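In: no FASTA, just this:
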C-alpha cells in the first residue's frame, strides 16, 4: 500500500499515447504524477472521484494572445475551462526585449488594449515572464521572442531593410533570450536508477533572413550554429556580439562530419553518450572549483563529450563484448585514443582538446597508453578528466557487469592516488563527490 498527496479515482484516462482510453486512477505527489492504474489499495491525503469524466493531459495553445489578459486576471479561465494548461505567446510580437523608447511608446500596453492598464516594469522577455509568475497565473506559460519586437527594438518603425550591424544586434537579442533558457535547463536535475545525476542542456542556433535565403537555407544555417553550440557546450558559447569566438575554436565547415561520427558511436553503444556527458560534467565541476583558466575549461567542455570518438574504428564484436577482452582485442581497443585524436585534429585547431582525446587513458605513473606519459607530461585538463572518466566508468552499469557503489568507486580513486591518478586532483575530486552525495542524502 502506498500513500500519495492526491488520487484522482475512476476517471476515463486518455494518456496521450493515441491508444484507447481506459478506466483507472491517477496518483500525484506535489506536481508529479507517480502512478496510473488500479490504485484501489492505495490512500491519499485528498481523493477526487471523477466517475463519468475524462482525464487527459492538458492542451497547448500554440498561438496565445494572453500577454495582457493574464496581467488583468491570472486565473486564465477561458483557457483552463477548455483544458489548456500551457500557453505559448509572442508569435510576431512579444513582451520583451524592451528599450526605453518602446516602454514610452507602449504606455497603454503592447497590444493597445485600452481597458488593461499596467506599468512596464521589465526589460527582457525573461523578466516579464518572472514578473507575471510572481503575480500568479494558473496556466504554464512560455513565449517566442517576437520578430517584430526585435526589429522595433533595433530599427524602430523605419520602412527599410536592417543594416548588417542592426541584423547582428537582433541576433544577439535572440541569443540572449536563448541563454536564459539554457541556464534554466542546466539547473534541472535528472537522476537515474543508480542515483547518478544526468546532465541536462540545450543547444541553440540563430540564422537571419537577408533577403535571398530560402527557408531550407535558414534552417541549415541555424542547425550548423546549433551543432557548433553543442560541440562547445557547456563552457564555450558564442560571444554576445556573435558566434565569432566559438568559430575560432572549431572549423564549422567540418562540424557535420564530427557530429555524424558521434551519432554513429551513440547508435553502436548507448553507454558511450551517457558516460561521456557524465564524465564531462564531473570534471567541469571540479575544474571550476579549482579555478581552471578558460583554455583548460574549454579543453574539458569540448574534448570530454568526444573523448571516445576513436571507438568508431573498433569492431562491434569488441565494443559490445559482454566479457573480458583477449590480448588482441585489448590492443584493438587501445588504438581508439590515437584514432580519436586524429579525427579531432581534422576538425579543431585546439591542441588542448586533441591532447585530452589522445591521452585520456594515460596514468600518472607512466603505465598508461598510448604515449606512456607521466606526471605533468599529461596536461592538467587531461589528468582531471582521467579521474572523472574512471569514476563514471566504475559507477555506470554495463551489459556485462553492474556498476560499483559510490563508496567502492571512491575507494578505488583513493587507492589509485599517485599511480593511476594525480594525487592532488584525486583529493579534490573525491571531496566533490562526497560533498554532492552528502547534499543529496540530506535532501532525501
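Out: Now that the structure is in, tell me what you want to look at. On a predicted model such as this, the values are computed, not experimentally measured, just so you know.
In: Make sure residue 123 is indeed in a helix.
Out: No. Residue 123 is assigned coil when assessed by DSSP: H, G, I helix; E, B strand; the rest coil, not a helix.
In: where does it land on pLDDT?
Out: Per-residue pLDDT puts residue 123 at 94.
In: what about it, how many neighbours?
Out: Applying other Cβ atoms under 10 Å, we find 15 residues neighbouring residue 123. Any C-beta I mention is one placed from the backbone N, CA and C, and that applies to glycine too.
In: which ones are touching it?
Out: 96, 97, 98, 99 (Cβ atoms under 8 Å, 6 or more residues apart in numbering).
In: How about residue 92?
Out: By Cβ under 8 Å, 6+ apart, the contact list for residue 92 reads 146, 147, 148.
In: For those residues, which ChimeraX command selects only the ones that are buried?
Out: Entered in ChimeraX, the line below selects the buried ones among those, by 16 or more other Cβ atoms under 10 Å:
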select :146,147
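In: and residue 190, how many neighbours?
Out: Neighbour tally, residue 190, other Cβ under 10 Å: 9.
In: Look up how far residue 274 lies from it.
Out: As judged by Cβ to Cβ, to the nearest Å, residue 190 and residue 274 stand 11 Å apart.
In: Relative to residue 409, how far out is the residue nearest to residue 162 when sequence neighbours are not counted?
Out: If the residues on either side of it in the chain are set aside, residue 162 comes closest to residue 155, at 5.3 Å by Cβ to Cβ, 6 or more residues apart in numbering. Using Cβ to Cβ, residue 155 is found at 57 Å from residue 409.
In: Please say which of these two ends up with more neighbours.
Out: The neighbour comparison of residue 155 against residue 409 (other Cβ under 10 Å) goes to residue 409, with 20 against 17.
In: thinking again about what came up before, ok, so of the contacts of residue 92, who is nearest residue 64?
Out: Of all these, residue 146 has the smallest distance to residue 64: 12.8 Å, by Cβ to Cβ.
In: outside of stretch 161-170, which residues touch it?
Out: 150, 151, 153, 154, 155, 208, 210, 211, 241, 242.
In: One more: stretch 48-67?
Out: Contact partners of stretch 48-67, identified using Cβ under 8 Å, 6+ apart, comprise 6-16, 21, 26, 76, 79, 82-91, 94-95, 110-111, 141, 143.
In: hmm, back to that, the contacts of stretch 161-170: which two are farthest apart?
Out: Greatest spacing in these, by Cβ to Cβ: 211 and 241 (22.3 Å).
In: out of those two, which sits in the busier spot?
Out: A side-by-side neighbour count of residue 211 and residue 241, using other Cβ under 10 Å, places residue 241 first with 12 against 5.
In: Now the buried members of the contacts of stretch 48-67.
Out: Judged by 16+ other Cβ under 10 Å, buried ones among these: 6-11, 13, 26, 76, 79, 84, 86-87, 89-90, 94-95, 110, 141, 143.
In: Residue 148: which element?
Out: helix 147-154 (DSSP states H and E).
In: Please apply the same query to residue 283.
Out: helix 270-289.
In: Can you classify residue 410 as helix, strand or coil?
Out: helix.
In: Find the nearest non-adjacent residue to it, please.
Out: residue 430 (5.6 Å).
In: what's the average pLDDT for the one helix or strand residue 10 maps to?
Out: Applying DSSP H and E as the criterion places residue 10 in strand 3-13. Mean pLDDT, strand 3-13: 96.
In: what residues does that strand touch?
Out: 21-30, 34-36, 39, 42-51, 53-56.
In: quick one: residue 274 from residue 361, how far?
Out: 19 Å.
In: and if you look at residue 20?
Out: For residue 20 relative to residue 361 (Cβ to Cβ), the value is 53 Å.
In: The nearest residue to residue 363 once chain neighbours are set aside: how many residues sit nearby?
Out: Distances taken as Cβ to Cβ, 6+ apart put residue 420 closest to residue 363, at 4.9 Å, once the chain neighbours are dropped. By the criterion of other Cβ under 10 Å, residue 420 has 19 neighbours.
In: Check the one 3 residues further on too.
Out: Close neighbours of residue 423, defined as other Cβ under 10 Å, add up to 12.
In: Could you number the chain from 174 rather than 1 from now on?
Out: Sure, I'll start counting at 174 from here, so that last one is residue 596.
In: buried ones in stretch 240-247?
Out: By neighbour count, with 16+ other Cβ under 10 Å as the criterion, the buried positions of stretch 240-247 are 240, 241, 242, 243, 244, 247.
In: Look up how far residue 189 lies from the residue nearest to the spatial centre of the chain.
Out: Geometric centre of the chain, nearest residue: residue 374, 0.7 Å, by Cα atoms, centre = their mean. The gap separating residue 374 from residue 189 is 26 Å, by Cβ to Cβ.
In: again with residue 599
Out: For residue 599 relative to residue 189 (Cβ to Cβ), the value is 47 Å.
In: now the angle from the lengthiest helix in the chain to helix 320-327?
Out: Longest helix of the chain, by residue count under DSSP state H: helix 337-359. Orientation check (axes from the mean of the first three to the mean of the last three Cα atoms, to 10 degrees): helix 337-359 against helix 320-327 gives 120 degrees.
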